[in-house]
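K.L.:
Just need the structure, nothing else, for what follows:
(one chain, ligands or ions: 1)
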Amino acid sequence: MQILPFSRARAKIFKKITKMYVYRSCKSVGKNFTLGKGVIIKSSRMLSLGDDVGINDYTWINAAGRIRIGNDVNIGPRVVIHSSNHKYLDPTIMIRLQGHDNKPVVIEDDVWIGAGAIILPGANIGVGSVVAAGAVVTKDVEPYTVVAGVPARKIRDRISNSSVRAQLGSLPPVDRPTIGGGFSRTG
Ligand SMILES: CC(C)(COP(=O)(O)OP(=O)(O)OC[C@H]1O[C@@H](n2cnc3c(N)ncnc32)[C@H](O)[C@@H]1OP(=O)(O)O)[C@@H](O)C(=O)NCCC(=O)NCCS
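P.N.:
Model prediction:
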């Protein structure tokens, strides 16, 4: 039996507890959910997760405004996802007393979110898209595109033909034709 140093053992226990908490408290959790260490999820009852979702180490999710994550979504380490802003428009009232503005976030199927990306309230990350490491997503991401930078902008299409992209985006992944050997749920 391997004897783990205290901090690793503690991280393992924390991860187990968080996973149990996710299963018990989230609105829904699909099959094959994997969770890294140090993940923090706030307002988990407003979070739904599809099948084959992976959330990597130290990611922070606040689902107060509702977050729906589809199937086959890979969330890198230290990603931050917000679904709620502080209201701040009235300068005569302290920001902390103005309440919140909830805006749901949707991450559709077959999305990869790179390390350290930040997804802001109201963003809809389209099916088959990639969010580059360190990107700050302030708006919707088109299906099958790659976005990067602050604010995130499209750096490339994964599929060059926009009508094919739109057609694929409206199908569930299992029904999508295989393109270049990709898109199959089972690999
Ligand atoms: C998004 C990503 C996959 C793109 O890779 P790629 O398709 O090989 O793209 P390229 O490296 O050819 O870059 C294309 C352009 O986008 C820019 N770019 C790529 N990644 C970027 C990023 N994270 N932020 C800002 N710009 C980026 C490049 O500088 C390049 O710009 P240029 O055309 O002006 O030279 C990759 O850059 C990335 O961010 N990977 C995430 C890695 C990660 O987080 N891993 C964690 C494991 S879950």
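K.L.:
Please put the alpha-carbon coordinates of stretch 32-52 into CSV.
P.N.:
Coordinates of the C-alpha atoms in stretch 32-52 are reproduced here as CSV (Å, rounded to 0.1, in the frame of the first residue of the first chain):
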residue,chain,number,x,y,z
ASN,A,32,-18.9,9.1,-16.3
PHE,A,33,-18.4,12.4,-14.5
THR,A,34,-14.8,13.1,-13.5
LEU,A,35,-13.6,15.7,-11.1
GLY,A,36,-10.1,17.1,-10.4
LYS,A,37,-8.9,18.3,-7.1
GLY,A,38,-9.6,21.6,-5.4
VAL,A,39,-12.8,22.2,-7.5
ILE,A,40,-15.3,24.7,-6.0
ILE,A,41,-18.9,24.7,-7.0
LYS,A,42,-21.3,27.3,-5.6
SER,A,43,-25.1,27.1,-5.9
SER,A,44,-24.7,23.6,-7.3
ARG,A,45,-28.5,23.0,-7.2
MET,A,46,-28.6,25.3,-10.3
LEU,A,47,-26.0,23.3,-12.2
SER,A,48,-26.7,20.5,-14.6
LEU,A,49,-24.1,18.3,-16.1
GLY,A,50,-24.4,15.9,-19.0
ASP,A,51,-22.6,12.6,-19.7
ASP,A,52,-18.8,12.3,-19.9
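K.L.:
residue boundaries of the helices in this protein?
P.N.:
With DSSP state H as the criterion, the chain has helices at 6-25, 162-169.
K.L.:
Point out the other helices and strands that the first one packs with.
P.N.:
For helix 6-25, the packing partners by 3 or more C-beta pairs under 8 Å, 6 or more residues apart in numbering; DSSP states H and E come out as strand 34-35, strand 40-42. Bear in mind the C-beta positions are built from the backbone N, C-alpha and C, glycine included.
K.L.:
And it, how far out from the chain middle?
P.N.:
In terms of C-alpha atoms, centre = their mean, to the nearest Å, the centre of helix 6-25 is found 20 Å from the chain centre.
K.L.:
Where does pLDDT dip in the chain?
P.N.:
1-6, 169, 171-187 (pLDDT under 70).
K.L.:
The ligand contacts on that one?
P.N.:
56, 74, 76, 114-115, 130, 132-134, 146, 148-149, 155 (C-beta under 6 Å from any ligand atom).
K.L.:
can you put the helices and strands packed on helix 6-25 in a markdown table and add mean neighbour count?
P.N.:
Converted to a markdown table, those look like this (neighbours: other C-beta atoms under 10 Å):
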| stretch | mean neighbour count |
| --- | --- |
| strand 34-35 | 16 |
| strand 40-42 | 16 |
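K.L.:
Using TSV, lay out the ones you listed together with distance to Ile95.
P.N.:
Listed next are those as TSV, based on distance: least, C-beta to C-beta, whole Å:
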stretch	distance to Ile95
strand 34-35	33
strand 40-42	19
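K.L.:
Out of the ones you listed, which gets nearest to Ile17?
P.N.:
Closest to Ile17 of the helices and strands packed on helix 6-25, according to C-beta to C-beta: strand 34-35, at 10.5 Å.
K.L.:
Many thanks, I have nothing further to ask.
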